[in-house]
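*Asks:* for reference, the sequence and a predicted model appear below.
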2 protein chains.
Amino acid sequence: MSAGEAPYRIGDVAQRAGVTTRTLRYYQELGLLAPAGASPGGSRRYSEADVVRLLRILELRNVMGFDLDKIGVILNAEDRLTALRHEAARGISTKRRREMLDEAVALNHQMQAQVQERLAVLEAFLGDLEEKEAVYRERVAELGAVKAVGR
Amino acid sequence: MSAGEAPYRIGDVAQRAGVTTRTLRYYQELGLLAPAGASPGGSRRYSEADVVRLLRILELRNVMGFDLDKIGVILNAEDRLTALRHEAARGISTKRRREMLDEAVALNHQMQAQVQERLAVLEAFLGDLEEKEAVYRERVAELGAVKAVGR
DNA sequence: GCCAATGTTTACGTCAACGTCAAGTCCCGG
DNA sequence: CCGGGACTTGACGTTGACGTAAACATTGGC
């Protein structure tokens, strides 16, 4: 793992991600994001991977509108999958491995479906907006015509 | 306006939209959705247009994640535009009309940009999901291979 | 005209996701 | 080694979007 580097202070991480330090502490409290390390005195020190994880959380929150509990479930599932691949996963049967993978695939499909649905609705919404814009432009044109006549 | 028909009771509207009656009263309190009419005794009676408006509100809330204040701003702008087109808009100068239309177009563009951004992020997200799915499937295949060897 | 279902207003409760002190501790450039 | 800024752990406050309960009024089918 290239010697657990965790150089970033909470304030810097917060600023980079566009949130406050309170948010980071809150996410830690919920078990969503624990800093990879600490300073000698006990201050939080975040790794690059932590930052990536944070951005992931914010993406799920902002783009998908998931609540933090659901985000926790998703991240936990992925974490277990990652752990499964690396060391310390010897005592796990092939059957159990398959179960976990199947579970992950199911969750993945569920999310894909939700994203697809959202995409469809958003595209329809965009269509509405464009239609309305056209109407507005036409009305502006009418105004111009009237003005031209009135001149 | 084809004789203001407002036949729907609050409970029916709520059920159709998948919300509670409390939500409808709350939206009225915020000035988002006032029923088109009332029964002799004072019960709310909603029109078909009201239902459409409600669905619009819910779409903006669920799909775009806007808060109810912002939704109010959007709906108000549209309402003023609609009013502008119909009767009782005589005392409004061409200049003012043009201003309002320009404002509406600006708001429209703003929202289009937001939707575009959301679409882009969602598509990227979907790509990630598909990629992960492929990885999962590969790992399942590896498991199968191991199992075949182990047999 | 009755009465169960549905509606009305008023008001307090709740829950997530933080915001905001307070009172102390840590970090690090000069 | 020292001082101002950043960080720590509590703890309580806030805000949006409703939920819920009480006490009473309306509605509409029989």
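*Replies:* Received it, and whenever you're ready, just let me know what you need.
*Asks:* those residues of chain A touching DNA strand C, which are they?
*Replies:* A:19-20, A:22-23, A:26, A:39-43, A:61, A:67-69 (CB under 7 Å from any atom of the strand). Any C-beta I mention is one placed from the backbone N, CA and C, and that applies to glycine too.
*Asks:* repeat the analysis, applying 6 Å as the threshold.
*Replies:* Residues of chain A lying close to DNA strand C (CB under 6 Å from any atom of the strand) are A:20, A:22-23, A:26, A:39-43, A:67-69.
*Asks:* contacting residues around the residue in chain A that DNA strand D sits nearest to?
*Replies:* DNA strand D sits closest to A:Gly11 of chain A, with a gap of 2.6 Å, by CB to the nearest atom of the strand. Contacts for A:Gly11 (CB atoms under 8 Å, 6 or more residues apart in numbering or on different chains) come out as A:Thr21.
*Asks:* can you tell me the element it falls in?
*Replies:* Per DSSP states H and E, A:Gly11 falls inside helix A:10-17.
*Asks:* how deep is A:Glu78 tucked in, by neighbour count?
*Replies:* By other CB atoms under 10 Å in any protein chain shown, 16 other residues sit near A:Glu78.
*Asks:* next: A:Gln116.
*Replies:* 13.
*Asks:* check contacts around it.
*Replies:* Taking CB under 8 Å, 6+ apart, we find A:Gln116 in contact with B:Leu126.
*Asks:* my read is it is in a helix, agree?
*Replies:* Yes - per DSSP: H, G, I helix; E, B strand; the rest coil, A:Gln116 lies within a helix segment.
*Asks:* quick one: pLDDT of it?
*Replies:* On pLDDT, A:Gln116 comes in at 94.
*Asks:* quick one: is stretch A:82-96 near chain B?
*Replies:* Yes - under the criterion of CB under 8 Å from any CB of the partner chain, chain B is reached by stretch A:82-96 at A:85, A:94.
*Asks:* quick one: mean pLDDT over that stretch.
*Replies:* Per-residue pLDDT over stretch A:82-96 has a mean of 82.
*Asks:* can you pull the buried residues of that stretch?
*Replies:* By neighbour count on 16 or more other CB atoms under 10 Å in any protein chain shown, the buried set for stretch A:82-96 is A:Leu84.
*Asks:* got phi/psi on A:Val19?
*Replies:* Torsion angles at A:Val19 (phi, psi; degrees, to the nearest 10) stand at phi -130, psi -180.
*Asks:* tally of neighbours for it?
*Replies:* 17.
*Asks:* A:Gln15 too?
*Replies:* Close neighbours of A:Gln15, defined as other CB under 10 Å, add up to 12.
*Asks:* on that earlier part again, what score does the residue of chain A closest to DNA strand D have for pLDDT?
*Replies:* Residue-level pLDDT assigned to A:Gly11 equals 96.
*Asks:* quick revisit: farthest-apart pair in the residues of chain A next to DNA strand C, please.
*Replies:* A:Pro40 and A:Asp67 (36.2 Å; CB to CB).
*Asks:* looking at the two, which has the bigger crowd around it?
*Replies:* Using other CB under 10 Å as the criterion, A:Pro40 and A:Asp67 rank with A:Asp67 on top: 9 against 5.
*Asks:* what strand or helix carries the closest residue to A:Ala17 other than its chain neighbours?
*Replies:* Nearest residue to A:Ala17, sequence neighbours excluded (CB to CB, 6 or more residues apart in numbering or on different chains): A:Leu54, at 5.3 Å. A:Leu54 belongs to helix A:48-62 when elements are defined using DSSP H and E.
*Asks:* buried set for that helix?
*Replies:* Buried residues in helix A:48-62 (16+ other CB under 10 Å): A:50-51, A:53-54, A:56-61.
*Asks:* right, is that helix up against DNA strand D?
*Replies:* No - on the criterion CB under 6 Å from any atom of the strand, helix A:48-62 is out of touch with DNA strand D, staying 12.4 Å away.
*Asks:* pLDDT at A:Val146, what is it?
*Replies:* A:Val146 is given a pLDDT of 63.
*Asks:* relative to A:Arg9, how far out is whichever residue of chain A sits closest to DNA strand C?
*Replies:* Closest contact between chain A and DNA strand C, by CB to the nearest atom of the strand, is at A:Gly41 (2.3 Å). For A:Gly41, the distance to A:Arg9 (CB to CB, to the nearest Å) stands at 12 Å.
*Asks:* pick out whichever of the two has more residues nearby.
*Replies:* The neighbour count for A:Gly41 versus A:Arg9, taken as other CB under 10 Å, is higher for A:Arg9 (16 against 5).
*Asks:* residues in contact with the more buried one?
*Replies:* A:43-46.
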